[in-house]
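1. turn this into a model:
(one chain, ligands or ions: 2)
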Amino acid sequence: MITIKNLSKTYKTPSGETRALQNIDCTIPDGQWVSITGPSGSGKSTLANVIAGILAPDPGGHCRIVLDEDNLDLDVCMANDTQKSELRTGAIAFIHQDFNLISYLSVLENVVLPDILRKKKPDWDKARSILAQLSIESKENNMPDELSGGQQQRVAIARALYSDARILMADEPTGNLDEISRDEIISIFKELHKNGMTMLVITHDHYLAGMAQIILHLEDGRLV
Ligand SMILES: Nc1ncnc2c1ncn2[C@@H]1O[C@H](COP(=O)(O)OP(=O)(O)OP(=O)(O)O)[C@@H](O)[C@H]1O
Ligand SMILES: [Mg+2]
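-> Ligands and ions are numbered 1, 2, ... in the order given. Down below sits the predicted model:
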């Protein structure tokens, strides 16, 4: 269960302040499929990054993640760096809008990154079979900058599938894909959801957004 209370995020830059999230309150029970929608600049990626502990919100907000199976009860707004990095290599798999692939690691190494970060022996066979499932196994020894945008996106998705996370956070996961790859990703997501994963999917794709049980729609940093 994810419980968000009074969550705000203000970006301060030399050119001024942007209130990217304003007093967000919501509850996401385990195993739900949630779509996060809203126009460009409405705060979707900011919300995802705060939930995953990547961005610190304004003081006074709460985002509590309770996963009984993982023995986890953490308010990411209060968590220290170790707890936040454990969250991102454990309970939450994040497919970033800009993929976040490590440029000096090969495709295969990028997929097993969660294990590299937590100093666990990688399961190379598992990584290869996920790359095959996403029809990108021929690129396992390539570097990210040798791939197209859609191929990089599939590597980012492969990395999320590799981890045994209970929460999937996906920021525009089908944004760079052709129709066939998009449909493949949607069917993989359906399978993950059937297996009990909590899905938080930011998307402009109406069909993908419609898969959700809960729709969180943001406008100017507020839930509407
Ligand atoms: N690092 C940053 N520094 C300053 N302002 C930022 C930063 N990141 C985002 N913003 C601002 O915060 C607001 C929300 O941005 P965010 O990236 O969360 O939007 P989004 O809904 O994900 O948009 P998109 O659909 O284009 O990805 C925007 O006004 C944006 O300009
Ligand atoms: Mg975004």
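2. list the buried residues for stretch 147-154?
-> 147, 151-154 (16 or more other CB atoms under 10 Å). Backbone N, C-alpha and C define where each C-beta goes, glycine included.
3. got the contact list for the longest helix out of those in the chain?
-> The longest helix of the chain (DSSP state H) is helix 179-194. By CB atoms under 8 Å, 6 or more residues apart in numbering, the list of residues contacting helix 179-194 from outside reads 31, 33, 133-135, 150, 154, 157, 161, 168, 170, 173-174, 177, 199, 201, 205, 207-208, 211.
4. out of those, which are buried?
-> Buried among the contacts of helix 179-194 by 16+ other CB under 10 Å: 33, 134, 154, 157, 161, 168, 170, 173-174, 177, 199, 201, 205, 208, 211.
5. from those residues, pick the one nearest Ser40.
-> When the buried ones among the contacts of helix 179-194 are compared for distance to Ser40, the smallest value, 14.1 Å, is given by Asp205; criterion: CB to CB.
6. how much space between that closest one and Ile214?
-> Asp205 is 17 Å from Ile214, where distance means CB to CB, to the nearest Å.
7. can you flag which of the contacts of helix 179-194 belong to strands?
-> Secondary structure assignment (DSSP state E) places 33, 168, 170, 199, 201 from the contacts of helix 179-194 within strands.
8. how about the closest residue to the fourth one other than its chain neighbours, what does it touch?
-> Once its chain neighbours are removed from consideration, Met199 has its nearest residue in Trp33; the separation is 4.3 Å (CB to CB, 6 or more residues apart in numbering). The contact partners of Trp33, taken as CB under 8 Å, 6+ apart, are 193, 198-199, 201, 211-214.
9. between those, which is closest to ligand 1?
-> Minimum distance to ligand 1 across these is 12.8 Å, recorded for Val201 (CB to the nearest ligand atom).
10. secondary structure class for the residue lying closest to Glu17 once chain neighbours are set aside?
-> Spatially, and ignoring its direct neighbours in sequence, Glu17 is nearest to Thr10 (5.5 Å; CB to CB, 6+ apart). Three states are possible here, and by DSSP: H, G, I helix; E, B strand; the rest coil the one that applies to Thr10 is strand.
11. what about Thr10, distance to Thr18?
-> Between Thr10 and Thr18 the computed distance is 7 Å (CB to CB).
12. again, but for Phe99
-> Using CB to CB, one gets 24 Å for the distance from Phe99 to Thr18.
13. repeat that for Arg128.
-> The span separating Arg128 from Thr18 equals 43 Å under the rule CB to CB.
14. and for Glu137?
-> When CB to CB is the yardstick, Glu137 and Thr18 sit 42 Å from each other.
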